[in-house]
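1. A predicted structure for the sequence below; I have some questions about it.
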Amino acid sequence: QVQLVESGGGLVQAGGSLRLSCAASGTFRSYTMGWFRQAPGKEREFVAGINRSGGSAYYADSVKGRFTISRDNAKNTVYLQMNSLKPEDTAVYYCAADPRQMYSFDYSDNKKYDSWGQGTQVTVSS
């Protein structure tokens with residue numbers, strides 16, 4: 001498994017932006033990466049995923065056009081740029097990784113990932 005550490009969360013007003021980072025140990029470039037989030041009282045949900053090379057990215061409908069996932073394999077880091085934030089984006093955001101190559105429909109399945117970070121809180125005020 002790879003070790004994952006998220007950072008960049010915080011409190012922001014609606015309409016604002018944040019960039020989350022997830023630093024990974026190990027052979028990062030071999031891992032498929034994803035971002036998930038969990039709001040209080042709700043199940044963990046898929047936000048975005050990216051393949052090993054960074055050439056393909058996938059998004060939940062709720063964040064399309066507002067969030068961008070990217071990765072820098074030289075820095076062993078995956079990012080989530082979040083723009084036009086809404087109060088409903090408030091959640092703990094988790095980075096996830098798996099060494100397997102995934103089909104597009106696999107990215108949103110949290111059971112497909114074998115490594116998880118500790119999470120970072122994002123709070124969007126109205």
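-> The structure has been received and is ready for your questions. Numbering: from 1, shown residues only.
2. report how many residues lie close to Lys111.
-> Lys111 has 7 neighbours, counted by other Cβ atoms under 10 Å. In short, each C-beta sits where N, CA and C put it, glycine included.
3. ok, now which ones touch it?
-> Contacts for Lys111 (Cβ atoms under 8 Å, 6 or more residues apart in numbering) come out as none.
4. could you check how far it is from Arg44?
-> Computed as Cβ to Cβ, to the nearest Å, the Lys111 to Arg44 distance reads 11 Å.
5. check the spatially most central residue of the chain and give its pLDDT.
-> Nearest to the centroid of the C-alpha atoms of the chain, with distances taken as Cα atoms, centre = their mean, sits Trp35, at 2.0 Å. We have a pLDDT of 98 for Trp35.
6. helix or strand for the closest residue to it other than its chain neighbours, which one?
-> Leaving out its chain neighbours, the residue that sits closest to Trp35 by Cβ to Cβ, 6 or more residues apart in numbering is Val47, at 4.3 Å. Taking DSSP states H and E as the criterion, Val47 maps to strand 45-50.
7. excluding its backbone neighbours, what's nearest Gly26?
-> Val2 (4.2 Å).
8. backbone torsions only: list them for that neighbour.
-> Main-chain dihedrals, Val2, degrees, to the nearest 10: phi -100, psi 150.
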